[in-house]
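Asker: My questions concern the predicted model and sequence given below.
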Amino acid sequence: MQMKAGSVFRKASGLNLRMLTFTQSERFYSSVGQQNTPRMQQGDIFQVDRMFTAQDVKTYAALGGDSNPIHTSPEAAAAATLPGCLVHGMLYAGLFPALIGSHQPGAVYLKQTLQFRQPLLVGEKVRASVKVLKRSGRRAVLETTCHKLSDSNEVLELLLDGEALALLPNSE
């Protein structure tokens with residue numbers, strides 16, 4: 001996929017979105033949206049970059065009841081021959097419904113498949129992306145991926161991929 005020269009900035013109902021245009025009729029939104037966003041279309045890509053802290057992981061572990069110490073104890077992670085504490089996979093997979101709901105308020109997340117490929121360590125940066133593969137009425141089939149990022153936001157390796165199904169609101 002090759003990017004056309006230049007970036008397009010658009011204001012939609014009071015929402016500023018940075019939109020990059022791609023050769024395959026893809027629209028790319030790099031900021032999380034709010035109310036009154038444009039209709040999700042086939043080829044749209046939504047993404048967010050995030051770094052999870054030890055406190056984020058500790059809070060998630062407490063809320064979710066996952067007491068596996070490889071997430072919160074450096075000693076336990078080392079004893080398990082891990083290079084550091086792991087972020088719960090479902091914590092960063094939770095970025096997908098957040099992206100969908102942020103760009104289409106009222107959307108209902110119906111189904112998700114996930115394939116965890118590599119772990120994410122606490123303090124590492126991750127980019128979650130959702131791409132609209134197919135749109136049929138209110139239903140949208142979405143490709144979901146998480147990639148590890150370098151300190152300079154260069155995409156490094158695929159951590160997680162899958163596919164989701166969302167029911168979009170009637171108001172579209």
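Answerer: Yep, it's here. Numbering: from 1, shown residues only.

Asker: Give me the below-cutoff pLDDT ranges for this structure.
Answerer: 1-38, 171-172 (pLDDT under 70).

Asker: Centroid-nearest residue for it?
Answerer: residue 128 (2.7 Å; C-alpha atoms, centre = their mean).

Asker: Enumerate the beta-bridge partners assigned to it.
Answerer: Beta-bridge partners for residue 128, by DSSP bridges, are residue 48, residue 146.

Asker: So it sits against residue 142, correct?
Answerer: No. Taking contacts as C-beta atoms under 8 Å, residue 128 lies outside contact range of residue 142: 11.5 Å. To be clear about C-beta, it is placed using only N, CA and C from the backbone, and glycine gets the same treatment.

Asker: intersection of neighbour lists for the two?
Answerer: Both residue 128 and residue 142 are contacted by residue 96, under the criterion C-beta atoms under 8 Å, 6 or more residues apart in numbering.

Asker: Next up, the contacts around the residue nearest to the centre of the chain.
Answerer: Per C-beta under 8 Å, 6+ apart, neighbours of residue 128: 47, 48, 50, 92, 95, 96, 99, 144, 145, 146.

Asker: Relative to residue 114, how far out is it?
Answerer: Distance from residue 128 to residue 114, counting by C-beta to C-beta, to the nearest Å: 12 Å.

Asker: residues bridging contact with the two, i.e. touching both?
Answerer: residue 144.

Asker: Skip ahead from the longest helix along the chain and say which helix or strand is next.
Answerer: Assignment by DSSP state H gives helix 54-64 as the longest helix of the chain. Later in the chain than helix 54-64, the nearest helix or strand by DSSP states H and E is helix 74-79.
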